[in-house]
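Colleague: Give the three-dimensional model of this entry:
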Amino acid sequence: MKFEKINHHYVPQHWQRGFRGANGHLYGKFRDGIRVVSPRTIMQQDYLYTVFDDQWNPSDSLEDALSAVEAEDAKLFQRLHSPGYTSTADDRNHLCAVLALQATRHPDILRHGTKRSRELGEVLATAHEYSLDEFKARMTGFAVSEADAHDCYVVLCSRSKEQLAAELVELTGLSPQSSQLPEQDALRAMPLVEQHLQQMELWLLDVPATEAFVLGDTPIPQSDLRQGFSVPLSRSLAVLALPALVPQTLLSRRNATVTEVRDINRTQSDNALSVAVGPSAALLAAL
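Modeller: The predicted structure is shown next:
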């Protein structure tokens, strides 16, 4: 297996480059100040998407797959920024996929996925302590249907408490990089997130001539997406996702207000893990 890549970007470089200023520079706001940055060296983590087989052989396979997806995503961004371009239903579907991937690939989400897996394991290991209805209720918190919860309960109760306890010990002892339960499994939630995004109303917001968007390294909220959120695609374009009143098949588009731009930028800056980027130091300093 190929294993050559070290620096893995959780916000793609092509996305970051859209926030460069007219002088070609990208500015980053950190806790210790503002400086010119390169997309190559920020919004990344070493070996974040490295996966291992059951013999602990590392592989670039996931990182390579993400790179191929990002190449197609960059083409979508280019289309949406083309003057006079009329977006299609396919563009909307593609954009939902882009947002869903971004929502599930952040290092915080990968770590949270591992935590939730262990929490689920604790519920499974203590199945004998619940009635069927109680077990079903607990499983709804993990997005498990009643029918699947019923079948799971029957199987679990056929095993002894000691067997289940031993399996829980094995589960909690797994490394986050284990091939049995790697933290990258959080990416498997992408289709579910995408399904919810498809049901929302999506607006493309063009920035007023006097303003510009910024991008934080946590572009999308990490919970309650169905309540609505915004995320910039570049210094001149953002997406606004709202609960839908009627089904939507095409992207809507309008100009953003100055207040919307500043609110979006403040949210990006406040939610940033370590850096927010934009086209000028002055813009970032004002946040």
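Colleague: remind me which residues of the stretch 101-250 of the chain are low pLDDT?
Modeller: Regions of the stretch 101-250 of the chain meeting the criterion pLDDT under 70 are absent.
Colleague: now the strands: where do they sit in it?
Modeller: Taking DSSP state E, counting those that start in this stretch as the test, the strands found in the stretch 101-250 of the chain are 200-206, 215-216, 229-234, 237-243.
Colleague: how far off strand 237-243 does the third one point, in degrees?
Modeller: Our comparison of strand 229-234 with strand 237-243, counting by axes from the mean of the first three to the mean of the last three Cα atoms, to 10 degrees, yields an angle of 160 degrees.
Colleague: Export strand 229-234 to CSV, keeping only CA atoms.
Modeller: Taking Å, rounded to 0.1, in the frame of the first residue of the first chain, the C-alpha atoms of strand 229-234 are listed here in CSV:
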residue,chain,number,x,y,z
PHE,A,229,-26.1,27.8,9.1
SER,A,230,-23.9,29.8,6.7
VAL,A,231,-20.5,29.1,5.2
PRO,A,232,-18.4,31.2,2.9
LEU,A,233,-17.1,29.5,-0.3
SER,A,234,-14.8,32.4,-1.1
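Colleague: Does anything pack onto that strand? Which helices or strands?
Modeller: Applying 3 or more Cβ pairs under 8 Å, 6 or more residues apart in numbering; DSSP states H and E, we find strand 229-234 packed against helix 61-80, strand 237-243, helix 258-271. C-beta here means a position set from N, CA and C on the backbone, and glycine is covered the same way.
Colleague: Contacts for the longest one, please.
Modeller: Just to be clear, that refers to helix 61-80. Helix 61-80 has contacts (Cβ atoms under 8 Å, 6 or more residues apart in numbering) with 1-2, 5, 8, 12, 14-15, 18, 49-51, 85, 87, 91, 94-95, 98, 101, 105, 184, 187, 204, 233-234, 237.
Colleague: do the shortest one as well
Modeller: Residues from elsewhere that reach strand 237-243, judged by Cβ under 8 Å, 6+ apart: 80-81, 95, 99, 197, 200-207, 213, 225-233, 256, 260-261, 264.
Colleague: could you redo the last one with a cut-off of 7 Å?
Modeller: Strand 237-243 is contacted by residues 80-81, 95, 197, 200-207, 213, 226-233, 256, 264 when judged by Cβ atoms under 7 Å, 6 or more residues apart in numbering.
Colleague: out of those residues, which are buried?
Modeller: Buried members of the contacts of strand 237-243, scored by 16 or more other Cβ atoms under 10 Å, are 80, 95, 197, 200-205, 207, 213, 229-233, 256, 264.
Colleague: Give me the spatial nearest neighbour of the residue nearest the centre of the chain, chain neighbours excluded.
Modeller: Nearest to the geometric centre of the chain sits Ala103, at 1.6 Å (Cα atoms, centre = their mean). Nearest residue to Ala103, sequence neighbours excluded (Cβ to Cβ, 6 or more residues apart in numbering): Ile220, at 4.7 Å.
Colleague: Now do that neighbour: how many residues are near it, please.
Modeller: For Ile220, the count of nearby residues is 23 (other Cβ atoms under 10 Å).
Colleague: Show me the contacts of helix 61-80 that map onto helices.
Modeller: The members of the contacts of helix 61-80 that map onto helices under DSSP state H are 14-15, 91, 94-95, 98, 101, 105.
Colleague: For Ala149, give its distance to Arg40.
Modeller: Distance, Ala149 to Arg40, using Cβ to Cβ, to the nearest Å: 46 Å.
Colleague: Those two: which is more packed in?
Modeller: Remark: of Ala149 and Arg40, Ala149 carries more neighbours, 20 against 11, as counted by other Cβ under 10 Å.
Colleague: and Val277, that one's in a strand?
Modeller: Yes - judged by DSSP: H, G, I helix; E, B strand; the rest coil, Val277 forms part of a strand.
Colleague: hang on, the earlier thing: could you identify which of the helices and strands packed on strand 229-234 is most buried?
Modeller: Neighbour counts (mean count of other Cβ atoms under 10 Å) averaged over each of those peak at strand 237-243, with a mean of 19.
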